[in-house]
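Asker: my questions are about this predicted structure, shown below with the sequence.
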Amino acid sequence: MQKQDKSFLERIAAGHRITVPVEDILRCGGEAVPNAYRSELMRLIVVFADSELAGAAGFCPFINRGPGLRERIVAAKIVAEKYVHAEMALKLLQAFGVNPALYVRSHAWDSRLDRNVDLGTRRIGGDKRLNVFHYPLEGWEDAIVFNMIMGAATSVQLAEMAQSSYAPLAEAITQILPREREHALLGESGVSQAIERSGSKTAVQAAVDYWHPRVAATFGRVDSAHATIYIDYGLRRRSSADMLGDWKAQSAAALKRLGLAIPD
């Protein structure tokens, strides 16, 4: 490890925060940060921005699939807020030379793979959305189950970013996090209403069985080098295994409240 990197990690460990780049240079304690920090920070923001854009685009067609007006209003609210979150992330990237208007047009955010494909944790080309947003939604029950399960995962993941060593990211995520937590709760409420309306848990249980392992994969490999780097750089605090365990507990509690089986 270079002396500059060791000194930087010591400052991060001591609680130093990093602000927006000045003349394209990020500084911590008056010293320029390693290029690797900049790269990992941008990667983290891009993954979040792309996932919000893809998530909103994928859920948007299901607004009019809601069984009632109230459900459609809630679905439209979730889509609108995800676009707001993407806008906030792109504003963060603006400081690094990214043009938000061009960026939004750079990918087909509503594109999806075949539903039977299972990517696991391996990355594919194109935009940097989490793999779970490459899978298509099928019907209203499927969409609200996904929103409940993925909403809980997003909340766990963003809670780490809210403590980020990059102050502008921490400030943005602190605003975003309550809305993402609400999305998960709205999803659970929607699932409960769907069960009551149909008198059956068959459709929602099938959706849970499909989405649960795919959402679990969003936490990545427990031995991921990026996970360790993020912790060292203060971009998040906990390991992938700890975050995954937290989500599994929250997900299990929600499924138990709904009387649904927890997938192995």
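Answerer: Arrived safely, thanks for sending.

Asker: C-alpha from now on. contacts and neighbour counts both.
Answerer: Will do.

Asker: ramachandran angles for residue 25?
Answerer: Dihedral angles phi and psi of residue 25 (degrees, to the nearest 10) take the values phi -120, psi 130.

Asker: what's the burial count for it?
Answerer: Residue 25 sits with 14 neighbouring residues when counted by other C-alpha atoms under 10 Å.

Asker: next one, pLDDT for the closest residue to it other than its chain neighbours please.
Answerer: When the adjacent residues along the chain are set aside, residue 25 lies closest to residue 32, with 6.5 Å between them (C-alpha to C-alpha, 6 or more residues apart in numbering). We have a pLDDT of 87 for residue 32.

Asker: for residue 1, same thing?
Answerer: Per-residue confidence (pLDDT) for residue 1: 42.

Asker: rewinding a little: my guess is the residue nearest to residue 25 contacts residue 24. True?
Answerer: No. Applying C-alpha atoms under 8 Å, one finds residue 32 not in contact with residue 24, separated by 10.3 Å.

Asker: the two: which has the busier surroundings?
Answerer: Neighbours were counted for residue 32 and for residue 24 using other C-alpha under 10 Å; residue 32 has more, 14 against 10.

Asker: distance of the more buried one from residue 11?
Answerer: The gap separating residue 32 from residue 11 is 12 Å, by C-alpha to C-alpha, to the nearest Å.

Asker: same check, this time on residue 129
Answerer: Relative to residue 11, residue 129 is positioned 31 Å away (criterion: C-alpha to C-alpha).

Asker: what of residue 95?
Answerer: For residue 95, the distance to residue 11 under the criterion C-alpha to C-alpha works out to 23 Å.

Asker: in terms of neighbours, single out the busier of residue 129 and residue 11.
Answerer: residue 129 (21 against 15).

Asker: which SS class is that one?
Answerer: Local secondary structure at residue 129 is given as coil here, using DSSP: H, G, I helix; E, B strand; the rest coil.

Asker: so what's it scoring on pLDDT?
Answerer: The per-residue confidence score, pLDDT, reads 96 for residue 129.

Asker: surely it meets residue 50?
Answerer: Yes. Under the criterion of C-alpha under 8 Å, residue 129 lies in contact with residue 50, with a separation of 4.7 Å.

Asker: and the strands in this protein?
Answerer: Assigned strands in the chain, in chain order: 27-28, 31-32 (criterion: DSSP state E).

Asker: among these, which comes closest to residue 200?
Answerer: strand 27-28 (56.1 Å; C-alpha to C-alpha).

Asker: show me the contacts for residue 63.
Answerer: Neighbouring residues of residue 63 by C-alpha atoms under 8 Å, 6 or more residues apart in numbering: 71-73, 75-76.

Asker: out of the residues you listed, which sit inside helices?
Answerer: Using DSSP state H to define helices, the subset of the contacts of residue 63 located there is 71-73, 75-76.

Asker: for the residues you listed, pick the one with the most neighbours.
Answerer: The residue in those with the most neighbours, by other C-alpha under 10 Å, is residue 75 (27 neighbours).

Asker: am I right that residue 26 is in contact with residue 20?
Answerer: Yes. Residue 26 sits in contact with residue 20 when judged by C-alpha under 8 Å, with a separation of 6.6 Å.

Asker: higher neighbour count, the two?
Answerer: In terms of neighbours (other C-alpha under 10 Å), residue 26 is the more surrounded of residue 26 and residue 20; the figures are 20 against 16.

Asker: if I look at that one, how far off is residue 132?
Answerer: In this structure, residue 26 lies at 32 Å from residue 132, with C-alpha to C-alpha as the measure.

Asker: please apply the same query to residue 18.
Answerer: Taking C-alpha to C-alpha as the measure, residue 18 falls 31 Å from residue 132.

Asker: who has more neighbours out of those two?
Answerer: Relative neighbour count places residue 132 above the other of residue 18 and residue 132, with 24 against 20, counting by other C-alpha under 10 Å.

Asker: which pLDDT value goes with the more buried one?
Answerer: Note for residue 132: predicted pLDDT of 96.

Asker: separation between it and residue 13?
Answerer: Here the distance between residue 132 and residue 13 works out to 33 Å (C-alpha to C-alpha).
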